[in-house]
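K.L.:
pasted the sequence and its predicted model underneath.
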Amino acid sequence: MGTKRAVLITIIITVSCMLLLFSLFVLPYIPKIYSGEVSEDTVANTISYMNFFLTLLALISTIGGFAFTIFGYYQTIKVPQMVKEEVDKWANELNELKKGANDSIKAMQIISEISIFQEPDINRKIEIIDRAKTTYPDMWILDYYKAKLYWDLFVNEQNIKYREILMNPKSPDILSRI
């Protein structure tokens with residue numbers, strides 16, 4: 001729509017300029033070309049043509065001024081709407097960032113609520129980490145804590161197996177229980 005409007009305005013301006021140039025440089029000399037001589041009537045006609053085209057130029061400029069005034073008025077009506085749309089877009093992005101930061105803070109509060117490494121029950125520790133993960137899933141440190149807990153659980157199971165082996169050395173399959 002905007003491109004068609006620009007092409008139309010360009011065509012109108014070009015045609016107006018061509019008519020103006022034609023009227024200023026060609027029309028005043030038409031009587032001289034037909035009659036072949038210069039007289040008082042020819043000079044009067046030339047001045048009359050010049051006055052007519054000067055009036056035409058003023059009329060075209062006035063109409064163009066009105067057109068640009070109306071166009072400018074409608075454009076200024078759109079400006080507050082465009083500004084509001086941009087402000088709303090930025091406000092939405094800011095709210096998303098704020099929500100992400102708040103969720104991150106809530107997740108850290110859940111983790112620090114009961115220090116994970118001081119809680120004796122591993123299932124409770126995993127439950128706390130899962131609660132924090134549902135609050136803010138992008139927190140990478142939660143995966144680290146969970147992996148560390150599973151590693152600790154594995155090491156504890158291995159220590160229990162070794163203790164059983166050490167406490168019952170008469171068992172024939174000591175190596176198979178490891």
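P.N.:
Structure received.
K.L.:
quick one: contacts of the helix or strand hosting T10?
P.N.:
Counting by DSSP states H and E, the element that carries T10 is helix 2-25. Here helix 2-25 makes contact (CB atoms under 8 Å, 6 or more residues apart in numbering) with Y49, M50, F53, L56, L57, I60. C-beta here means a position set from N, CA and C on the backbone, and glycine is covered the same way.
K.L.:
rerun at 7 Å
P.N.:
Residues outside helix 2-25 that contact it (CB atoms under 7 Å, 6 or more residues apart in numbering): F53, L57, I60.
K.L.:
which ones are touching the second one?
P.N.:
Think L57. Per CB under 7 Å, 6+ apart, neighbours of L57: L20.
K.L.:
quick check, central residue of the chain?
P.N.:
Closest to where the C-alpha atoms of the chain average out (CA atoms, centre = their mean) is K89, at 7.6 Å.
K.L.:
and the protein, what are its domains?
P.N.:
2-82, 114-177 (automatic domain parsing).
K.L.:
now do the first one, average pLDDT.
P.N.:
Translated: domain 2-82. Mean per-residue pLDDT for domain 2-82: 79.
K.L.:
what about Y145, neighbour count?
P.N.:
Residues within reach of Y145, counting by other CB atoms under 10 Å, total 19.
K.L.:
and K98, which of the domains of the chain is closest to it?
P.N.:
Among these, the nearest to K98 by CB to CB is domain 114-177 (13.2 Å).
K.L.:
helices along this structure, start to end?
P.N.:
Secondary structure of the chain (DSSP state H): helices at 2-25, 30-35, 40-113, 122-135, 140-167.
K.L.:
and the first one, which residues are buried?
P.N.:
The reference is to helix 2-25. Neighbour counts over helix 2-25 (16 or more other CB atoms under 10 Å) mark S16, S23 as buried.
K.L.:
and the fourth one, by the same measure?
P.N.:
By neighbour count with 16+ other CB under 10 Å, helix 122-135 contains the buried residues K125, I126, I128, I129, A132, K133, T135.
K.L.:
my guess is the last one contacts S104. True?
P.N.:
Translated: T135. No: taking CB atoms under 7 Å as the definition, T135 is not a contact partner of S104, at 8.6 Å.
K.L.:
just to revisit the earlier point, let's have the domains of the chain in CSV, adding distance to L97.
P.N.:
Listed next are those as CSV, based on distance: least, CB to CB, whole Å:
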stretch, distance to L97
domain 2-82, 23
domain 114-177, 13
